[in-house]
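**Student:** 3D, please:
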Amino acid sequence: MKKMKTVFLVGILAISLVGCTNDENTKEVENEAVGITTEITSDEMTEEASDEQVEDVTEAFTEEQLVEEVEIPTPFEFILNNIYDSLLLDPMVDEITCVHYSTGISEVVLSGATADDRLNAVAYRIMDVNEDEVLELLIIDNAYKDNDEARILDMYTIVEGTPVRVIEGWARNRFYMLEDGTFYCSGSGGTACSMNKIWTFEAGATELTPKEIYFTGLKEDGTTIAFYYNAEGVYDASASTEITEEQYTSFVTECVNKSISIEAKPIGAFK
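**Tutor:** Residues are numbered from 1 along each chain as shown. All right, here's what the predicted structure looks like:
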């Protein structure tokens, strides 16, 4: 387990030290990271793959791969159908037709992989994340299912019978659930443009609420990296406290250690 945690931590820190130093790029990463409230209707569901195409999927999903059955709400069926059919038919899908084939999913699914590989690379879990008696759908990176942490690619909730996206994650905007039910996001816009942020998901909410953030930025000399902390989760160096690299690294390590595993079913087990 310690080895898994170490590999994960090295990956998080490496992401924070790659890329550009432009402040506008950094703010763009922060703006895109969360707060996404995209509503989806049943009209967006693609036609299901034919029986013949489904029969071509030969992967056997064992009982060990499955989790306790939960009745799938109709709004989530549309999403899972769309993702399943996208993975089954072609990894290079039409973005308009396959509206739920997100950036995070496309990164996880290897180009040229078989249908079985694609259907196994992504998993899902339905659970009441914030204990408000409304179920959420989590789409999870299943390619690294042996690790202790579960990277969340997408998360949806339901509002008046309509699914609403709460989280959209990708390689440079990685979300994990922590032991206390909060969410840890590790994002990067390049060298000196990294952020590690804690978010909460309140009862009845349709988006995450910022709690606190540790981030980096360049000093006035344009070459020295500074480390900052903001207790309100605000990405603004002028309104934040400058901290040491050791304090920054300690926070990242703590978040990695508190990241939890989430049992989930491969998308291929959906049908």
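
**Student:** Quick check, residue 209 in contact with residue 203.
**Tutor:** No: judged on CB atoms under 8 Å, residue 209 makes no contact with residue 203 at a distance of 11.2 Å. For the C-beta atoms, the positions are set from N, CA and C on the backbone; glycine is no exception.

**Student:** which one of these two has more residues nearby?
**Tutor:** Neighbour comparison, residue 209 and residue 203: the larger count goes to residue 209, with 15 against 10 (by other CB atoms under 10 Å).

**Student:** Would you quantify the distance from the more buried one to residue 182?
**Tutor:** In this view, residue 209 and residue 182 are 10 Å apart by CB to CB, to the nearest Å.

**Student:** between those two, what contacts are shared?
**Tutor:** Listed as contacting both residue 209 and residue 182 by CB atoms under 8 Å, 6 or more residues apart in numbering are 199-201.

**Student:** Quick check: buried residues in stretch 70-86?
**Tutor:** Within stretch 70-86, the residues scored as buried using 16 or more other CB atoms under 10 Å are 73, 75-76, 78-86.

**Student:** right, I mislabeled it, should have said stretch 113-128
**Tutor:** 115-127.

**Student:** which ones among those are found in helices?
**Tutor:** Applying DSSP state H to the buried residues of stretch 113-128, the entries found in helices are 115-121.

**Student:** Point out the other helices and strands that the lengthiest helix in the chain packs with.
**Tutor:** Secondary structure of the chain per DSSP H: the longest helix is helix 74-89. Here helix 74-89 touches helix 51-55, helix 103-108, helix 115-121, strand 122-127, strand 136-141, strand 151-159, strand 162-168, going by 3 or more CB pairs under 8 Å, 6 or more residues apart in numbering; DSSP states H and E.

**Student:** Single out the most deeply packed of the ones you listed.
**Tutor:** Of all the helices and strands packed on helix 74-89, strand 136-141 carries the top mean neighbour count, a mean of 24, counting by mean count of other CB atoms under 10 Å.

**Student:** Show me what the residue nearest to residue 151 when sequence neighbours are not counted bridges to in the sheet.
**Tutor:** If the residues on either side of it in the chain are set aside, residue 151 comes closest to residue 141, at 4.2 Å by CB to CB, 6 or more residues apart in numbering. With DSSP bridges applied, residue 141 shows beta-bridge pairing to residue 122.

**Student:** Tell me the confidence at residue 141?
**Tutor:** On pLDDT, residue 141 comes in at 95.

**Student:** returning to what we had before: what about the helices and strands packed on helix 74-89, which gets the closest to residue 191?
**Tutor:** Proximity to residue 191 (CB to CB) singles out helix 103-108 among the helices and strands packed on helix 74-89, at 21.0 Å.
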